[in-house]
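> coords below, sequence missing:
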């Protein structure tokens, strides 16, 4: 079995052989390396867009609200059409869900009991009378 030396830039294997998941520290280091390898022009453009958004946040939000108000019916019709076309993968609220082949029962957290004989649930109280003066 191959083991990973965690030197991804000089990895001798064509496919990753890392068996265990990355720790939070390793993930942060990998993220920093990716940031350093980004194209400098792309980094400049991203910084410029971020600065513009921060400076004009309220104006951009107002513009989005105005667009939604002006095109509310059209946007609602598009959403309805999408839900109708993708009825199997969307929930009634419009959120996407995992497609399932058969409905599954939700776990109740209790062990299942045979349904042939009804059983009483414990109330937490003793059913035998007790005497306080014993």
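Perfect, I can see it now. Quick caveat: nothing in here was measured; it's all calculated off a predicted structure. Numbering: from 1, shown residues only.
> For residue 17, grab the count of nearby residues.
For residue 17, the count of nearby residues is 13 (other Cβ atoms under 10 Å). All C-beta spots, glycine's among them, are computed from the backbone N, C-alpha and C.
> do residue 88 as well
Neighbour count of residue 88, defined by other Cβ under 10 Å: 8.
> Name the SS class of it, please.
In terms of secondary structure, residue 88 is coil; the call rests on DSSP: H, G, I helix; E, B strand; the rest coil.
> what comes into contact with the longest helix anywhere in the chain?
With DSSP state H setting the assignment, residue counts place helix 40-55 as the longest helix in the chain. Residues lying outside helix 40-55 but in contact with it, judged by Cβ atoms under 8 Å, 6 or more residues apart in numbering, are residue 60.
> buried ones in it?
By neighbour count with 16 or more other Cβ atoms under 10 Å, helix 40-55 contains no buried residues.
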